[in-house]
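Chemist: need a 3D model of the sequence below.
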Amino acid sequence: QVQLVESGGGLVQAGGSRKLSCAASGRTFSNYAMGWFRQAPGKEREFVTTISWNGGSTYYADSVKGRFTISRDNAKNTVYLQMNSLKPEDTAVYFCAADQSGTWRMRRGPTGMDYWGKGTLVTVSS
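Modeler: I've put the predicted structure just below:
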């Protein structure tokens, strides 16, 4: 089992920045690709970004490319999401996910992830 706990959500003005963290405990963190997904009110959960087990590969949804940065610290069992130039449409609950299959699976969407956190709400005001 892997437990994932997100933090860092809150209210931010449009154009501002926010950094989310996801702390993992349980099985070996470095065995897993990690990713962030989000779910806006009334919408389906969608892929945001993913990072490979060693941080060597990262992928982003087109909607956040150039504004968001994912990173990980395997020594701290933590993955981060730095969000810049935030827009009201970025408002959502952000979920951390872990999957042993790799980044390719996360890029396909939220179905079948090994583990999920409970999410943290980010609200971007205009």
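
Chemist: touching stretch 80-94 from outside, list them.
Modeler: 6, 9, 12-22, 36-41, 43, 48-49, 63-64, 67-73, 119-126 (Cβ atoms under 8 Å, 6 or more residues apart in numbering). Backbone N, C-alpha and C define where each C-beta goes, glycine included.

Chemist: lowest average confidence, helix or strand, in this structure?
Modeler: helix 103-107 (a mean of 92; mean pLDDT, DSSP states H and E).

Chemist: that one: how far from the chain's middle?
Modeler: 13 Å (Cα atoms, centre = their mean, to the nearest Å).

Chemist: so which bits of that helix are buried?
Modeler: 103, 105-106 (16 or more other Cβ atoms under 10 Å).

Chemist: what are the bridge partners for the spatially most central residue of the chain, then?
Modeler: In the chain, the centroid-proximal residue (Cα atoms, centre = their mean) is Trp36; its distance is 2.0 Å. On the basis of DSSP bridges, Trp36 is bridged to Thr49, Cys96.

Chemist: same deal with Cys22?
Modeler: Going by DSSP bridges, Cys22 forms beta bridges with Glu6, Val79.

Chemist: quick check: it vs Gly15, distance?
Modeler: 24 Å (Cβ to Cβ, to the nearest Å).

Chemist: picking that back up, can you say which of the contacts of stretch 80-94 are buried?
Modeler: By neighbour count, with 16+ other Cβ under 10 Å, these hold 6, 9, 12, 18, 20-22, 36-38, 48-49, 64, 68-70, 72, 119-120, 122, 124 as buried.

Chemist: and after the least confident helix or strand of the chain, which helix or strand comes next?
Modeler: Per DSSP states H and E, the first helix or strand lying C-terminal to helix 103-107 is strand 115-116.

Chemist: residues making contact with that following strand?
Modeler: Contacts of strand 115-116 (Cβ under 8 Å, 6+ apart): 1-4, 32, 95-99.

Chemist: again, only using 10 Å
Modeler: Strand 115-116 has contacts (Cβ atoms under 10 Å, 6 or more residues apart in numbering) with 1-4, 6, 24, 26-27, 32, 34, 37, 45, 95-100, 110.
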